[in-house]
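In: fold the following.
(2 chains)
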Amino acid sequence: MNGLERIMSAVTGTDADFQPFTLLLSLYGSNYTKNNSLGYYTNPKVWFEGQKAAIEAFDPDIVISPFSFPVEASAFGSELVILEHYAPNIKKPIIKNLSQIAQLTLPNIEKAEALQFLLQSNALLVQQYKGSKAIASPIHSPADIPALLMGIEMWIDTLLFNPIEVELMMKKTVEHFVHFGNELLANGTTFLVVPVNFTNPMMITEKIFNQLLPHLEHAFSQIKGPIVVHNGGCKIMSFIDRFAKLPNVIALVLEPTESFDQARNLIGNNIVLMGNLDGPNLANLSTEKAIKTTLDILDNRKHDKHFIFATSNADIPYDTNKETIQAVATTIRNFNKY
Amino acid sequence: MNSLQKQQALADLITNGEKDKAVKLLAEWSRESSFKEVIFTILEPMLVVWGKLWMQGQLSLAHGYLSGKVAEEFYLLASKDEAFNSSVADSKGTVVLGNIEDDFHPLGRRLVHIYAKAAGWHIIDLENDVPAEVFVDKAIENNADIIAVSAMMFTTAKNIAKVRTELDKHSLSSKIKLAVGGAVFKLRPQLVTELGADGTADTAIEAPDLFDRLLLQR
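Out: Numbers count the residues shown, from 1 in each chain, chains lettered A, B, ... in the order given. Predicted coordinates for the structure are as follows:
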């Protein structure tokens, strides 16, 4: 079986030759290039060179196009800061006051350099791996990207106190999400990965969740392909049954402390569950501890055919020991699941 | 209604997103007693409980933000009250606060500012992207007790070590305490000592307690 077939076996619930898995290696690929972070996150060929080397080193079943939501937000005009050995971050949001929401223009996908970096990097992955591995493309949720356009504080404040501006903003971000998401799928992406930072109970109240959920439903229903809902570094269990029912959702990625058993009780056995090795924490683990944690997860999901092992949360850090990552991958491949 | 019941009534309003009603209710109770009594018997005890719930993941960031806004607006009302000002004429001390050089994540710092100010600290907020030398210069200029530095990412947090170097250079490490906070310190708690900090708090609500403890250590 190849990687794509393994992933499809998890979707359909059939046996594979070994446990399908993926690792978020977007940043880690920069270890394999001679370029600095600026070059890595602006030049598709440099990004792909690093990513291809990382993929060859660890051979995951899902390969992932650039994981950098700030890059996507920079296409709207927010200013980036790119620090060495780190993924880009937002330095200055484009929106400084609520009146600017009305003037916010959506980026032109064909012309915006940042979106072209994401699309061209994705195209290189598709060209190399289509048919042999599943290709996942992270895209910002329409409810999350406002935090990078106006800052977290202003977005929370808006969600709490300014419902009219929320509607105005969501109308724009849903349009962008649908347009950009369908472009990624048209280019050969197997599925989109959508974190839900601002629609989970660690960030917002249930009242706000209920206000935002119809926008997610409207956005997801217009996507012409499958969607994976990602925890985004936050717990999603409280709302997991609602996420599982969103249009086109085929899988959910749990946060590292969340229970697969609890999730199965809430959403049933047929939707794919992914996770939940803490990717950013991998740099802090000894190889032995990483193997044990991996085995604990594998043992817990041994009889779950709709399970894909994955790192949860954000990127595996740049300075993570290669041997530790390799040990995780080898442990998964050697696990006697079937 | 006793203090516990009032704390619960306040918490319920904030949970439901009713910021203005919460501030109005606090103001009403203040007229019945005093701003000082409401702050020390209702608002602050409720914030302490909320800090614990926030740490346990039982409250959202939006709840933390809301409670901060209520505290900020009520403290603003209190600051206009002559009786209250004379009762808290002496601040607990001075904190120079900011995000370290290259860090542009203001929310945690803003919340620390609100909670610490409400708890009686004089705050000098230098905002984002503050070089180590500026932290120390401002602390000297204002005779500060604490420098509080926020960082979200590992890369930017490393710049905090320069603040310790600057404090040592001026022989101020025993006089001015260095507090740190931000997401990276939850992920890598060993950083607190590695960077030469004197302490950290997991949430913004707990920052005033940290400052109290650090003040005692001087």
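In: residue 24: neighbour count?
Out: Just going to use chain A. Neighbours of A:L24 under the rule other CB atoms under 10 Å in any protein chain shown: 26. Using the backbone N, CA and C atoms, a C-beta is placed for each residue, glycine as well.
In: hmm, no, I was thinking of chain B.
Out: If you count neighbours by other CB under 10 Å, B:K24 ends up with 15.
In: remind me, longest helix of chain B?
Out: What stands out as the longest helix in chain B, according to DSSP state H, is helix B:61-79.
In: who does it touch, helix- and strand-wise?
Out: Applying 3 or more CB pairs under 8 Å, 6 or more residues apart in numbering or on different chains; DSSP states H and E, one finds that helix B:61-79 contacts helix A:152-161, helix B:3-15, helix B:19-32, helix B:35-38, helix B:44-55, helix B:107-118.
In: tell me the first helix or strand C-terminal of the helix or strand of chain B with the lowest mean pLDDT.
Out: Lowest on mean pLDDT, DSSP states H and E among the helices and strands of chain B sits helix B:82-87, with a mean of 76. Going down the chain from helix B:82-87, the next helix or strand is strand B:94-99, by DSSP states H and E.
In: ok so A:F177 is a helix residue?
Out: Yes: under DSSP: H, G, I helix; E, B strand; the rest coil, A:F177 falls within a helix.
In: pretty sure it contacts A:A143?
Out: No: A:F177 lies out of contact with A:A143 (CB atoms under 8 Å); the separation is 9.4 Å.
In: between the two, who's got more neighbours?
Out: The neighbour count for A:F177 versus A:A143, taken as other CB under 10 Å, is higher for A:A143 (31 against 28).
In: how close does that one get to A:I267?
Out: Plainly put, A:A143 is 20 Å away from A:I267 if you go by CB to CB, to the nearest Å.
In: now the least confident helix or strand of chain B: buried residues?
Out: Across helix B:82-87, burial judged by 16 or more other CB atoms under 10 Å in any protein chain shown covers B:F84.
In: stretch A:54-66 now?
Out: By neighbour count with 16+ other CB under 10 Å, stretch A:54-66 contains the buried residues A:A54, A:I55, A:A57, A:F58, A:P60, A:D61, A:I62, A:V63, A:I64, A:S65, A:P66.
In: pLDDT at B:N128, what is it?
Out: pLDDT, B:N128: 89.
In: ok, for it, nearest residue in space, not its chain neighbours?
Out: Distances taken as CB to CB, 6 or more residues apart in numbering or on different chains place B:N99 nearest to B:N128, at 4.6 Å, with adjacent residues excluded.
In: now A:N36
Out: Nearest residue to A:N36 in three dimensions, chain neighbours excluded: A:E84, at 6.2 Å (CB to CB, 6+ apart).
In: contacts for stretch B:71-91, please.
Out: B:19, B:23, B:26-27, B:30, B:34-36, B:38-39, B:43, B:47, B:114-115, B:117-118, B:120-122 (CB atoms under 8 Å, 6 or more residues apart in numbering or on different chains).
In: got the CA positions of the lowest-mean-pLDDT helix or strand in chain A in PDB?
Out: Of all helical and strand segments in chain A, the minimum by mean pLDDT, DSSP H and E falls on strand A:89-92, at a mean of 86. C-alpha atoms of strand A:89-92 as PDB (Å, rounded to 0.1, in the frame of the first residue of the first chain):
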ATOM      1  CA  ASN A  89       4.100  35.600  12.800                       C
ATOM      2  CA  ILE A  90       2.100  38.800  12.600                       C
ATOM      3  CA  LYS A  91       3.900  41.900  13.600                       C
ATOM      4  CA  LYS A  92       1.200  44.500  12.800                       C
END
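In: how far off centre is that strand?
Out: In terms of CA atoms, centre = their mean, to the nearest Å, the centre of strand A:89-92 is set 19 Å apart from its chain centre.
In: any buried residues in that strand, and which?
Out: For strand A:89-92, burial by neighbour count (16+ other CB under 10 Å) applies to A:N89, A:I90, A:K91.
In: and that strand, what does it pack onto?
Out: Judged by 3+ CB pairs under 8 Å, 6+ apart, the packing partners of strand A:89-92 are helix A:69-74, strand A:79-81.
In: these: which one's closest to chain B?
Out: Nearest to chain B among these is strand A:79-81 (6.6 Å), distances taken as CB to the nearest CB.
In: neighbours of residue 50, just the number please.
Out: No chain in the question, so chain A it is. A:G50 is flanked by 23 other residues according to other CB under 10 Å.
In: oops, I was thinking of chain B
Out: Using other CB under 10 Å, B:W50 has 24 neighbouring residues.
In: who's in contact with it?
Out: Taking CB under 8 Å, 6+ apart, one finds B:A11, B:L59, B:H63, B:G64, B:S67, B:I205 in contact with B:W50.
In: please repeat the previous calculation with a cut-off of 6 Å.
Out: B:S67 (CB atoms under 6 Å, 6 or more residues apart in numbering or on different chains).
In: quick revisit: can you tell me which of the helices and strands packed on strand A:89-92 is most buried?
Out: helix A:69-74 (a mean of 24; mean count of other CB atoms under 10 Å in any protein chain shown).
In: what pairs with the helix or strand hosting B:I124, parallel or antiparallel?
Out: Per DSSP H and E, B:I124 falls inside strand B:122-125. Using DSSP bridges, strand B:122-125 pairs in its sheet with strand B:94-99 (parallel).
In: state the mean pLDDT of the partner strand.
Out: 97.
In: pull out the buried residues from that strand.
Out: B:T94, B:V95, B:V96, B:L97, B:G98, B:N99.
In: now render those as JSON lines, adding distance to A:I223.
Out: Shown next, in JSON lines, are the buried residues of strand B:94-99 (distance: CB to CB, whole Å):
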{"residue": "B:T94", "distance to A:I223": "53"}
{"residue": "B:V95", "distance to A:I223": "48"}
{"residue": "B:V96", "distance to A:I223": "48"}
{"residue": "B:L97", "distance to A:I223": "43"}
{"residue": "B:G98", "distance to A:I223": "42"}
{"residue": "B:N99", "distance to A:I223": "37"}
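In: return the closest of those with respect to chain A.
Out: B:N99 (11.5 Å).
In: which ones are touching the closest one?
Out: When the contact criterion is CB under 6 Å, 6+ apart, the partners of B:N99 are B:R109, B:N128, B:S150.
In: and the gap between it and A:N200?
Out: Between B:N99 and A:N200 the computed distance is 25 Å (CB to CB).
In: same check on B:V49?
Out: 23 Å.
In: same question, A:R301
Out: Note on A:R301: its distance to A:N200, by CB to CB, is 22 Å.
In: between these two, who's got more neighbours?
Out: A:N200 (25 against 22).
In: returning to what we had before: so which of the buried residues of strand B:94-99 is the closest to A:L254?
Out: B:N99 (31.2 Å; CB to CB).
In: output the below-cut-off pLDDT ranges for chain B.
Out: Within chain B, the ranges that satisfy pLDDT under 70 run B:88-89.
In: what does it have sitting close to chain A?
Out: Counting by CB under 6 Å from any CB of the partner chain, chain B comes close to chain A at B:G17, B:S60, B:L61, B:A62, B:Y65, B:F104, B:L107, B:T155.
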